[in-house]
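Visitor: Next comes the sequence, and after it the predicted model I'd like to discuss.
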Amino acid sequence: MKRIILAAAAAALGIGAALTAVNAQQKLKIGFMYVGPVGDMGYSYQHDVGRKAIEAAYGDKVETTFLENVSEGPDAERAIEQLVRAGNKLIFTTSFGFMDATVKVAKKYPNVMFEHATGYKREKNLATYSGRFYEGRYIQGVIAAKMSKTGVLGYIGSFPIPEVVSGINAMLLGAQSVRPDMKVKIIWVNTWYDPGKEADAAKALADQGADVITQHTDSPAAIQMAEQRKIFAFGQDSDMIKFGPHAQLTGIVESWGPYYTERVKLALDGKWTSGDFWGGLASKTVTMAPFTNMPDDVKKLATDTEAAIASGKLHPFKCPVLAQDGKPVECKGGTHLDDGQILGMNFYIKGIDDKLPGN
Amino acid sequence: MELVEAILLTVITASTPLLLAASGELVVERAGVLNLGIEGMMIIGAACGFAAAFTTGSVFIGALCGIAAGAALAGVFAALTLGLAANQVASGLALTILGVGLSGLIGTSYIGQKIVGAAHLHIPYLSDLPFVGKMVFGQDAFVYVSVALIAAIWYFLYRTRPGLVLRSVGDNHASAHALGYPVLKIRTLAVLFGGACAGLGGAYLPLAYTPFWVSGMTAGRGWIALALVVFASWMPWRLLIGAYLFGGITILQLHAQATGLGIPSQLMSSLPYLATVIVLVVISWMRGKAGSPAPASLGLAFVPDR
């Protein structure tokens, strides 16, 4: 429904833009496309925070619009076209599943600048960007190993794609660095977003002995459940301390504002070029929510780990990384796994007594 | 044993919203109307229920508002399909889209807010009994209402005269009309009741299941409720069993994963739907043999001659 209204509004804007061509010339129109509702309090919400940062930084020079709840697949292409026809000159598509649609539309409109989050296909007018979330996961693992009494972590996964798998591995590597016998129990809920099911998964993990819960899904349900069960959990995408004032240890907060404002500045100056950006703790694309509900020594360890990763002294996937069968994984990055290996990660590391779905 | 108790407790909470929404739809379909808008009515019930509970601080008022909102949206459906004899399938789908959009709008200012969830019953001694205590005497009001609702619907449909009339309207609206029964009035009441139940089922999510509001939080439960009614072959008690079975499989597959049993989660998640497909096949087979359990006038528009 909302999309239909937006489409009508977009059409109206198109006519308006034609009539006041002079005005439209001065303003850079920027379009965003989200996979979820901006009200998910998680992934799409954080991208929208980034959009608002653009508006705050450039005020009258820009005009931003967004389409929310766009499903991945054929519908995405139509939605991107809509954004183009509405006169947007810089378009951000923020979900992995929008990749092929974005490529298609980008080829059709060479004068429009496109940016696609978490993908790997680029064009002259299509840049990609993503976050090194695994860096935050490693810190979470360190904290979890210190705080867990049972020695069992619970991990709620969405889909077994490399981004999620590398998160699980990084978390356990962090945990093993403190306590080599740490275990992780993994539940795949096969959805990015179903608060009820996420809560059920958290309950199941807690019932099976996990006392620190991590999620790679988009709602605060798991952390709220942890609060009720008086165990620990981590926020995901945004600071979720409100939902677990006694449960949240920290959280991985994505902060797209700096990247978005930087790219918009380049576009305004006419210096925008395609490229690939993968920002982590160092560029503050990934930041950690305050370290809470833990003793000072754990807090210090977490802060030190964060600083070490940000400065490049510590790499979460430093070699040797042992695969499930105990054999070391080929070390393509010299002292650590290279970006390609992390982006395509499709194996569990040693210490996970589970089978990766589809393998 | 403790783990079994924990699993069963989770199954009950996971099944309750399905059961509430599906029991309303069962009555609607028994009256011969197919309302595909359960998802829309659930989410609007969730949004309004949360908004009311957050503003007043009372879960009870929230539940009432959820019921009212679901019924109000069902009223739109009734006006379209019964008043104007519009296509029920198309109207139902439109109702879902409308409900999802509207709930997002209503919920905008409540995003990221949380409330204290529905209280659980506690009877000294009884609730502390091992194993059964928490399960039977320690639930929230929604759970008791959902079970009582099934009993009431069964009694109404099979033991009262108005229930018999409602079933006859669903099976042959022309005959019911010829006998002088107000077909459209009965159907309207059934549709409103269905909306109220869906609204309550939806409200259960932000009021008891996960006490916060985020848009789209019903996440397809309305469609599962729809499948459940078919699975139950329109029988109230089978619906109760079906809802707990659906909820049970969902929860069990989560536990199966956590213990690392190695059964593909996708396969287990699809089991309830597979069961529904099998039931559908059986139903269509029965149509040839002894007559289908589906209400014969299901989904057909009725325009009384004047």
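Guide: That came through fine.

Visitor: rest of the way, CA atoms for contacts and neighbours
Guide: Will do.

Visitor: Could I get the full set of strands for the stretch 101-250 of chain A?
Guide: For the stretch 101-250 of chain A, strands defined by DSSP state E, counting those that start in this stretch occupy the ranges A:113-117, A:126-131, A:152-157, A:183-188, A:212-215, A:232-237, A:248-254.

Visitor: Let me fix that, I meant to ask about chain B.
Guide: Here chain B has no strands by DSSP state E.

Visitor: where does it have its least confident helix or strand?
Guide: helix B:265-289 (a mean of 77; mean pLDDT, DSSP states H and E).

Visitor: tell me which parts of the stretch 151-300 of chain B are close to chain A?
Guide: Applying C-alpha under 8 Å from any C-alpha of the partner chain, one finds that the stretch 151-300 of chain B approaches chain A through B:205, B:209-210, B:214-219, B:251, B:254-255, B:257-260, B:262, B:264-266.

Visitor: Report the buried members of the residues you listed.
Guide: Among these, the ones that count as buried by 16 or more other C-alpha atoms under 10 Å in any protein chain shown are B:205, B:209-210, B:214-219, B:251, B:254-255, B:257-260, B:264-265.

Visitor: Now, those that are in helices?
Guide: Per DSSP state H, helices hold the following members of these: B:I251, B:L254, B:H255, B:Q257, B:A258, B:S265.

Visitor: Turn those residues into CSV, including distance to A:N346.
Guide: As requested, those are exported to CSV (distance: C-alpha to C-alpha, whole Å):
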residue, distance to A:N346
B:I251, 26
B:L254, 22
B:H255, 23
B:Q257, 18
B:A258, 19
B:S265, 17
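
Visitor: burial count for A:D304?
Guide: Using other C-alpha atoms under 10 Å in any protein chain shown, A:D304 has 13 other residues around it.

Visitor: tell me which residues in the helix or strand encompassing it are buried?
Guide: Assigned by DSSP states H and E, A:D304 belongs to helix A:296-311. Across helix A:296-311, burial judged by 16+ other C-alpha under 10 Å covers A:V298, A:K299, A:A302, A:T305, A:E306, A:I309, A:A310.

Visitor: domains for chain A, by residue range?
Guide: A:2-131, A:133-253+A:287-343 (automatic domain parsing).

Visitor: Deepest-packed of these, please.
Guide: The highest mean neighbour count among the domains of chain A, using mean count of other C-alpha atoms under 10 Å in any protein chain shown, belongs to domain A:133-253+A:287-343: a mean of 21.

Visitor: what about that one and chain B, any contact?
Guide: Yes. Among the residues of domain A:133-253+A:287-343, A:185-190, A:193-196, A:199-201, A:203-205, A:207-208, A:219, A:221, A:224-225, A:243 lie within reach of chain B under C-alpha under 8 Å from any C-alpha.

Visitor: Just the ones of the residues you listed in helices?
Guide: Residues of the residues of domain A:133-253+A:287-343 next to chain B located in helices (DSSP H): A:P195, A:G196, A:A199, A:D200, A:A201, A:K203, A:A204, A:L205, A:D207, A:A221, A:Q224, A:M225.

Visitor: Max pairwise distance over those residues: which two?
Guide: A:P195 and A:D207 (18.2 Å; C-alpha to C-alpha).

Visitor: Please enumerate the helices of the stretch 251-359 of chain A.
Guide: A:257-268, A:296-311, A:339-343 (DSSP state H, counting those that start in this stretch).

Visitor: what pLDDT, on average, does the helix or strand containing A:F92 get?
Guide: Element membership for A:F92 (DSSP H and E) is strand A:90-93. Per-region confidence: strand A:90-93 scores 96 on mean pLDDT.

Visitor: Stretch A:234-253 now?
Guide: 91.
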